[in-house]
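In: quick one, structure for this:
(one chain, ligands or ions: 1)
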Amino acid sequence: MTQEEVFKTLVAHAKEYGFIFQSSEIYDGLSAVYDYGQMGVEMKNNIKKYWWEAMVHLNDNIVGIDSAIFMHPRIWEASGHVGAFNDPLIDNKDSKKRYRADVLIEEYLAKLEEKMNKEVEKGRRKFGDAFNEEQFRATNPNVLRSKTKYDEVHARMTKALNDNDLKELRQIIVDCEIACPISGTKNWTDVRQFNLMFSTQLGNVDGGVGTIYLRPETAQGIFVNFLNVQKTGRMKVPFGIAQIGKAFRNEIVARQFIFRMREFEQMEMQFFVRPGEEMKWFSQWKQTRLAWHKALGLGDEKYRFHDHEKLAHYANAATDIEFEFPFGFKELEGIHSRTDFDLSQHQKFSGRKIQYFDPETNESYTPYVIETSIGLDRTFLAVLSSSYCEEALEGGETRVVLRLPACLAPVKLAVLPLVKKDGLPEKAREILDSLRFDFNCQYDEKDSIGKRYRRQDAIGTPYCITIDHDTLEDGCVTLRDRDTMVQERIPIGRLRDIVEERVSMKPLFKKIHKICG
Ligand code: ATP
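Out: Down below sits the predicted model:
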């Protein structure tokens, strides 16, 4: 299957099994907005729990908040979003399609990279064991030609973005002969800036109306509550404030399913540190966050850091944790050293003193901030896409299985009576009732046992138990493992502990804690 086909299959599967639906589907849908279905919401809640507990419960010095989506409009002036939260856009005059100019150039660069990698693979096949990749990259004329082009375009793009030079961005697109993927033509408009914030009107008591914004990030809700939390929680620097919540961006290039949405959810943590110590914390948080991702077991090779060439106006260091989605390596989480920009700006705009008195140094200062900001929906997509698997079984049969990390699976245990009679359903329900306080369980008595297993495989349920006639005699059930399909006979009394051990988040937390603690 091509990458595109894999992705299409995944989107169809997500819909068929109640993970994700297009928003407003019966009205032909609302673009780049999605609803989570009965399975999706369970998995999303599990991801939130994994993040929240790892952040807030595992760290003595991190606490959580839940701030409102609506905030005073001056906040977005102070943060720089009103003036500078823009994307550079370009339209193709023939297809009338709109693109982010920087994304078009990045895609061009990715193609050059792919070309170089293909050349290297060709060399590897040709030279076999004697192949020296470093030497090959340094001497092969085809690779060198692409590399020179890559470096030149990359440097021009970085400079144009840093200088906010829209004419130059367009010129790069023209010089690289980048064509619109829809019309195939190079008939481009000028590049313009487009603000990404959604606005709405708030009625005032005096009858007037004011413009307010739907928050484009959750971070500002944390900054404006810095003093509240620090004082009431008696927090001492270094400390962090975490939050999970909705954010809204009027994304123009809104494709790739839940990767880029107009309404999405972020899990953000702002860590306040002494000025001058931010680089130490920046590198520590890079390691901690990578460990959190890797503990999920989706494959260490699927993650990489990508340091930013263009720093945002507030940052003195920034990196992305990228994940290998079906459409390539893309940003999953951002880690930014935000200096004292946000707190200083809010001090300036609100007129309130926002400082911290450090009892160890006897000094007052504006803390510096390390931010970790991860998209909940993108994490969902990362988990879903890397878990989807079509498997050939013995006897020519196939099965679709979601090899989800067990702790994130929507349903942990399916309870299946072998037949719908002879007291088996009653026994199954009795077992279900004793386990529903511990796990999200599902009862299913319809169709053959094979079909029921397939349904559970397709939603990623790690364990199924079957209740058969022997169960009534020996008090044992058959426990089937989703991944190995191995079946073991287990006494009912031991079920809870066995399943608990296998679906718990605890081993993951211990792993992270060991690496980072
Ligand atoms: P991108 O470069 O992909 O637009 P960004 O750098 O603007 O992302 P941040 O502002 O750093 O993103 O936001 C932090 C995280 O929020 C991102 O790493 C991503 O996981 C998530 N995120 C940002 N925009 C969206 C979106 N439109 N839809 C879904 N998730 C998003």
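In: okay, the residue nearest to residue 250 when sequence neighbours are not counted: pLDDT?
Out: Counting by CB to CB, 6 or more residues apart in numbering, the nearest residue to residue 250 once its immediate chain neighbours are dropped is residue 196, at 5.1 Å. Any C-beta I mention is one placed from the backbone N, CA and C, and that applies to glycine too. At residue 196, the pLDDT value in this model is 91.
In: count of neighbours near the closest residue to residue 282 other than its chain neighbours?
Out: For residue 282, ignoring the flanking residues on the chain, the nearest one in space by CB to CB, 6+ apart is residue 337 at 4.6 Å. For residue 337, the neighbour count with other CB atoms under 10 Å is 23.
In: what of residue 298?
Out: 20.
In: contacts only, for it.
Out: 382-383, 386-387, 405 (CB atoms under 8 Å, 6 or more residues apart in numbering).
In: swap in residue 79?
Out: 220, 223, 342, 345.
In: CSV for these, including pLDDT and neighbour count?
Out: Shown next, in CSV, are the contacts of residue 79 (pLDDT from 0 to 100; neighbours: other CB atoms under 10 Å):
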residue, pLDDT, neighbour count
220, 98, 23
223, 98, 24
342, 96, 25
345, 97, 19
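In: just those residues now: which is nearest the ligand?
Out: Comparing the contacts of residue 79 against the ligand with CB to the nearest ligand atom places residue 220 closest, at 11.9 Å.
In: next SSE after the strand or helix carrying residue 89?
Out: In this structure, residue 89 sits in strand 86-91 according to DSSP states H and E. Counting by DSSP H and E, the element after strand 86-91 in chain order, helix or strand, is strand 98-100.
In: contacting residues around the closest residue to the ligand within the stretch 351-500 of the chain?
Out: Residue nearest to the ligand within the stretch 351-500 of the chain: residue 375 (2.3 Å; CB to the nearest ligand atom). Going by CB under 8 Å, 6+ apart, residue 375 touches 264-267, 332-333.
In: any idea which of those residues has the most stuff around it?
Out: The contacts of residue 375, ranked by neighbours (other CB under 10 Å): first place residue 333, 24 neighbours.
In: setting aside sequence neighbours, what's the nearest residue to residue 444?
Out: Nearest non-adjacent residue to residue 444 (CB to CB, 6+ apart): residue 452, at 5.1 Å.
In: same question for residue 422.
Out: In space, residue 422 is closest to residue 469, 6.4 Å off (CB to CB, 6+ apart).
In: quick one on the thing from earlier: which SSE is the residue nearest to residue 444 in?
Out: Per DSSP H and E: helix 449-459 holds residue 452.
In: circling back: need the contacts of residue 298 in JSON lines (columns: secondary structure, pLDDT and distance to the ligand).
Out: As requested, those are exported to JSON lines (DSSP: H, G, I helix; E, B strand; the rest coil; pLDDT from 0 to 100; distance: CB to the nearest ligand atom, whole Å):
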{"residue": "382", "secondary structure": "helix", "pLDDT": "97", "distance to the ligand": "9"}
{"residue": "383", "secondary structure": "helix", "pLDDT": "98", "distance to the ligand": "13"}
{"residue": "386", "secondary structure": "helix", "pLDDT": "95", "distance to the ligand": "16"}
{"residue": "387", "secondary structure": "helix", "pLDDT": "96", "distance to the ligand": "18"}
{"residue": "405", "secondary structure": "coil", "pLDDT": "98", "distance to the ligand": "19"}
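In: if we can go back for a sec, state the distance from the residue nearest to residue 250 to the ligand.
Out: 8 Å (CB to the nearest ligand atom, to the nearest Å).
In: enumerate every residue touching that residue.
Out: When contacts are counted by CB under 8 Å, 6+ apart, residue 196 touches 85-87, 216, 249-251.
In: which among the residues you listed end up buried?
Out: Buried members of these, scored by 16 or more other CB atoms under 10 Å, are 85, 87, 216, 249-251.
In: contacting the ligand as well, which ones from these?
Out: Counting by CB under 6 Å from any ligand atom, 249, 251 from those sit close to the ligand.
In: how about the strands of the stretch 251-400 of the chain, start to end?
Out: In the stretch 251-400 of the chain, the segments counted as strands under DSSP state E, counting those that start in this stretch are 263-273, 303-307, 317-325, 328-339, 356-358, 363-365, 368-375, 388-392, 398-402.
In: tabulate those strands (a markdown table), appending mean pLDDT.
Out: Below are the strands of the stretch 251-400 of the chain laid out as a markdown table (pLDDT from 0 to 100):
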| stretch | mean pLDDT |
| --- | --- |
| strand 263-273 | 98 |
| strand 303-307 | 96 |
| strand 317-325 | 96 |
| strand 328-339 | 95 |
| strand 356-358 | 96 |
| strand 363-365 | 96 |
| strand 368-375 | 98 |
| strand 388-392 | 94 |
| strand 398-402 | 95 |
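In: ignoring the adjacent residues along the chain, who's closest to residue 410?
Out: Nearest non-adjacent residue to residue 410 (CB to CB, 6+ apart): residue 42, at 3.5 Å.
In: helix, strand or coil for that neighbour?
Out: Following DSSP: H, G, I helix; E, B strand; the rest coil, the label given to residue 42 is helix.
In: about what we covered before: just the contacts of residue 375 now: which is nearest residue 37?
Out: residue 265 (15.7 Å; CB to CB).
In: my guess is the closest one meets residue 243, correct?
Out: No. The pair residue 265 and residue 243 does not pass the contact test of CB atoms under 8 Å, sitting 10.6 Å apart.
In: distance to the ligand added to the contacts of residue 79, as CSV?
Out: Listed next are the contacts of residue 79 as CSV, based on distance: CB to the nearest ligand atom, whole Å:
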residue, distance to the ligand
220, 12
223, 15
342, 14
345, 17
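In: out of the residues you listed, which is nearest to residue 371?
Out: For the contacts of residue 79, the residue nearest residue 371 by CB to CB is residue 342; the value is 9.0 Å.
In: contacts only, for the closest one.
Out: 78-79, 219-220, 223, 314, 369.
In: tell me which of these fall in helices.
Out: Among the contacts of residue 342, DSSP state H puts 78, 219-220, 223 in helices.
In: farthest pair within these?
Out: That would be 78 and 219, which, of these, are the farthest apart (CB to CB) at 12.2 Å.
In: those two: which is more packed in?
Out: For residue 78 versus residue 219, neighbours defined as other CB under 10 Å are more numerous around residue 219 (25 against 22).
In: C-alpha coordinates for the helix or strand that comes right after the helix holding residue 452, CSV please?
Out: Under the assignment DSSP H and E, the closest C-terminal helix or strand after helix 449-459 is strand 463-467. Provided in CSV are the C-alpha atoms of strand 463-467 (Å, rounded to 0.1, in the frame of the first residue of the first chain):
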residue,chain,number,x,y,z
TYR,A,463,-7.8,-9.2,26.5
CYS,A,464,-10.9,-11.3,25.9
ILE,A,465,-12.3,-13.9,28.3
THR,A,466,-14.6,-16.6,27.2
ILE,A,467,-17.0,-18.3,29.6
